[in-house]
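# Structure of the sequence below:
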Amino acid sequence: MPLARAWSVALFGVDGVAVEIEADIGGGRPRTQIVGLPDASLNEAKERVRAAVRNSHRKWPDELVTLALSPAALPKGGSSYDVALACAVLAAAGLEPAERLEKTVLMGELALDGRIRTVRGVLPGLLAARKAKLRRAIVPVQTLPEAALVTGLEILGAEHLTDVLDWLRGEPDTLRKPVPAALAPPAEVPDLADVVGQPEARWALEVAAAGGHHLLLTGPPGTGKTMLAQRLPGLLPSLTEEQTLEVTAVHSIAGLLTPATPLVTTPPFIAPHHTCTVPALVGGGVGLAKPGAISTAHNGVLLLDEACEFAADRLEALRTALEEGEIRLARRDGVARYPARFQLVLATNPCPCAPPRELDCTCSPHAKRRYMARLSGPLLDRVDIRVRMRPITALSRADGVTPESTAAVRARVARAREKAAERWKKHGWLTNAQAPGPILRREFGLPRAATALLDRGLDIGAVTARGADRCIRVSWTLADLAGDDLPTADHVTAALEFRDRRVA
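Residues are numbered from 1 along each chain as shown. Here you go, the predicted model:
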């Protein structure tokens, strides 16, 4: 029986598996069947591919066409298999040569007229193909800038199915090669100098940026909570090469990349609305889960503005991701793992009525407690820095002091991050927030004199063990900003003040 094979890729979260597509012609009445756990969208591909082949002036076999996708036990879905299915069928029917399909991965969705449409997940898919020792990749021409990020593969782009079929026949110059693309300049970030007053909150923002710490901003409306949060990405360093590929892979799966911005080089800033659903926040979907806001914010900033307006189940869903730096989503077709090491910024009013002056509040004590109870104890225990912002007064607007710019603060943050990266280099961590508690206590333990107040907080139950570890992390960041080699008692006290002023 005529038999041919081609290659494509199945994605499970940000991980991919090379899929071998075998086409067999004959053995039954004329029809097309796909085996190997295809979902509904992949099952529909047989009609779409048949039309694309016919409209590309090729003949679809008038026999039984069996398409087997291996590994057969892995669920497969989506439209990225279309080009590979078409080439495998035509090669099995003897209408196209099959030699060039060996060690070539094909990705792309086919329109009915044979045009090749873009698909999601090209970058992680090609990384999986390289891992499977495939040597060549053919992708939609629109995704060439993204595909070119993967080294070790010959990358080719196609606009139409006939381009791929002509290439199989050995015709030259039918497929495009990637050209070095000039990356778009990073978007301008708002300047910290725009924020009036709020010296404590500005300092907290600098500490959070230097150590990668989570931050809670509480205060009346109009005091600059959102403005400060929007300026945090401008204080962070550019992503490393490894971080860039991680973030770009997630954004590729989420469909957020464009030909003009095929590579994410700056920390992403994601700010979902408080009416978003749990799947929109943490990821979800039928079959195999797609990434949510917390994964698209990986290596960047996630702002939950009006945090107490978020439903409690949305906020509680963040707890595991905050602690582990990844999210695991179990669905019908398997467990998808997405990275989610983001920097959380919560901004909230102190009560539902939120007057400019606290004295004008009309909320009952019960209403205030119920409003702030949306931020549960376990969630707040994972937030390193908490700041109460003050109302803006005429004096703070006209004090004649020029606020520091983003560039000045960013320089201090960069120096502090360099010290932290050097300290944790052998462990592979980049910020103090990534250092686990056991390492902090065992290899980088502080003198008892420095942690005396923290020990007192543990004794009276004002600080949990997790909170104590987070205080030590913040104290290391304060020492880095001050240029000290070791946190002192003052640094630990300041770190504790960021969490709870009642201990002192």
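
# neighbours around Gly13, how many?
Neighbouring residues of Gly13 were enumerated by other CB atoms under 10 Å; the total is 25. For the C-beta atoms, the positions are set from N, CA and C on the backbone; glycine is no exception.

# does the residue nearest to it when sequence neighbours are not counted belong to a helix or a strand, and which?
Take Gly13 and drop its neighbours on the chain: the residue closest to it by CB to CB, 6 or more residues apart in numbering is Ala336, 3.8 Å away. For Ala336, the host element (DSSP states H and E) is strand 334-339.

# residues in contact with the closest residue to Gly255 other than its chain neighbours?
Nearest-residue entry for Gly255: Arg120, 4.8 Å, with adjacent residues in sequence omitted and distances by CB to CB, 6+ apart. Applying CB atoms under 8 Å, 6 or more residues apart in numbering, we find Arg120 in contact with Gly78, Ser80, Ser252, Ile253, Ala254, Gly255.

# farthest pair in those residues?
With distances taken as CB to CB, the most widely separated pair in those is Ser80 and Ala254, at 14.8 Å.

# Low-confidence stretches in the stretch 301-450 of the chain?
When the per-residue scores of the stretch 301-450 of the chain are filtered using pLDDT under 70, the ranges that remain are 393-401.

# follow-up on the earlier one: which one of Ser80 and Ala254 is surrounded by more residues?
For Ser80 versus Ala254, neighbours defined as other CB under 10 Å are more numerous around Ser80 (28 against 18).

# and that one, what pLDDT?
Note on Ser80: pLDDT of 94.

# in which helix or strand would I find the closest residue to it other than its chain neighbours?
By the measure of CB to CB, 6+ apart, the closest residue to Ser80 outside its immediate chain neighbours is Val119, 4.1 Å from it. Here Val119 sits in a region with no helix or strand, counting by DSSP H and E.

# So Val119 sits against Thr143, correct?
Yes. Taking contacts as CB atoms under 8 Å, Val119 lies within contact range of Thr143: 7.5 Å.

# The two: which has the busier surroundings?
Looking at Val119 and Thr143 with other CB under 10 Å, you find the greater number of neighbours at Thr143, namely 27 against 22.

# Which residue is the nearest non-sequential neighbour of the more buried one?
If you skip the residues right next to it in sequence, Thr143 has Val122 as its closest partner in space, 4.5 Å away by CB to CB, 6+ apart.

# Any idea how many residues pack against the one you found?
Neighbours of Val122 (other CB under 10 Å): 31.

# Wait, it touches Met107, no?
Yes. Here Val122 reaches Met107: they are 6.1 Å apart, a contact under CB under 8 Å.

# ok, back up a step: pull out the buried positions in the strand holding Ala336.
The neighbour-count check on strand 334-339 (16 or more other CB atoms under 10 Å) flags Ala336, Arg337, Tyr338, Pro339 as buried.

# Likewise for stretch 192-207?
Neighbour counts using 16+ other CB under 10 Å place Leu192, Val195, Val196, Gly197, Gln198, Ala201, Arg202, Trp203, Ala204, Leu205, Glu206, Val207 of stretch 192-207 among the buried residues.

# What of stretch 471-491?
Buried, per 16+ other CB under 10 Å, within stretch 471-491: 471-481, 487-489, 491.

# residues contacting the closest residue to Leu322 other than its chain neighbours?
Counting by CB to CB, 6+ apart, Leu322 lies nearest to Arg382, which is 4.6 Å off, once chain neighbours are set aside. Arg382 makes contact with His214, Arg319, Leu322, Glu323, Arg466, Arg470, according to CB under 8 Å, 6+ apart.

# Understood, closing this out.
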